[in-house]
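Undergrad: Pasting the sequence and the predicted model now:
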Amino acid sequence: VRLAKVALEKNADKLSAAEQAIGWAGIAHAASLALDPSAHEYWVKSAGAPLTDDELQWKVRDALRRLDWKTVRETVAAMPPGLRDDTTWTYWLARATAAGNGAQKGEAQALYRRIADRDSFYGQLALEELGEKITLPPAPPPVTRAELAAIENNPRMKRALRFFGMGLRVEGVREWNWELRKFNERELLAAAEFARRHDILDRMIYTSERTRTLLD
């Protein structure tokens, strides 16, 4: 980050204002990833730059660390609809809205209600903000031996397991995630159990979270 900052400042006279803003956005993104306290200063200098989805999300995270609710709200509002409607950013938009004046309380409550029916982390937090009781969904029937055997004998899942065993995590994750696209909810639960038994806990969690009606 420091070297990029020096390089950008040294060559500023060769760049347009728009190009400089894009450069500062890249530096701000890197600084945010490193939890650098200077990230805010760099985000300010990036004003007007078109931000990528990843940059928008890290700008919000930097603002959250500073409890800068105004920046949180403005940045989430600037996200493309598909990203803005994610439960994570809907929740934080609601929090930022609630932190404003009293006239915005109804708007914040509407945002909470939009995600409160979802069995997700932020859906549960939204329920809490609405004063409603958080309850666990009923557990699905346990994975059967036959269901687990089908996953164990799946060529792609076996290949993914082999990659993990060789320390090739990127390849293993790609192989694993690609095959999950074909699975129904029972198969996803079986794959999550398969991952648990082989101590691949990140894939266990990722696979479990893909179910929508059978929630373990």
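TA: Yep, that arrived. Residues are numbered from 1 along each chain as shown.

Undergrad: where in the protein is pLDDT low?
TA: 101-103 (pLDDT under 70).

Undergrad: Quick test: name the residue nearest the centre of it.
TA: residue 88 (6.9 Å; CA atoms, centre = their mean).

Undergrad: check contacts around it.
TA: Counting by CB atoms under 8 Å, 6 or more residues apart in numbering, residue 88 makes contact with residue 122. C-beta here means a position set from N, CA and C on the backbone, and glycine is covered the same way.

Undergrad: helix or strand for it, which one?
TA: For residue 88, the element it lies in under DSSP states H and E is helix 87-98.

Undergrad: buried residues in that helix?
TA: For helix 87-98, burial by neighbour count (16 or more other CB atoms under 10 Å) applies to 87, 89-98.

Undergrad: tell me what the helix or strand just after that helix is packed against?
TA: Downstream of helix 87-98, the next assigned helix or strand under DSSP H and E is helix 105-115. Packing partners of helix 105-115 (3 or more CB pairs under 8 Å, 6 or more residues apart in numbering; DSSP states H and E): helix 87-98, helix 121-129.

Undergrad: Adding distance to residue 162 as columns, could you present those helices in TSV?
TA: Below are the helices and strands packed on helix 105-115 laid out as TSV (distance: least, CB to CB, whole Å):
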stretch	distance to residue 162
helix 87-98	33
helix 121-129	32
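
Undergrad: Please identify which of those is closest to residue 170.
TA: Closest to residue 170 of these is helix 87-98 (CB to CB; 24.2 Å).

Undergrad: Between the helices and strands packed on helix 105-115, which one is closest to residue 9.
TA: Nearest to residue 9 among these is helix 87-98; the distance by CB to CB comes to 31.9 Å.

Undergrad: Can you give me the buried ones in the helix with the most length in the chain?
TA: For the chain, the longest helix by residue count, based on DSSP state H, is helix 17-33. For helix 17-33, the neighbour count (16+ other CB under 10 Å) marks 20-32 as buried.

Undergrad: now stretch 39-52
TA: For stretch 39-52, the neighbour count (16+ other CB under 10 Å) marks 39-40, 42-43, 45-46, 49, 51 as buried.
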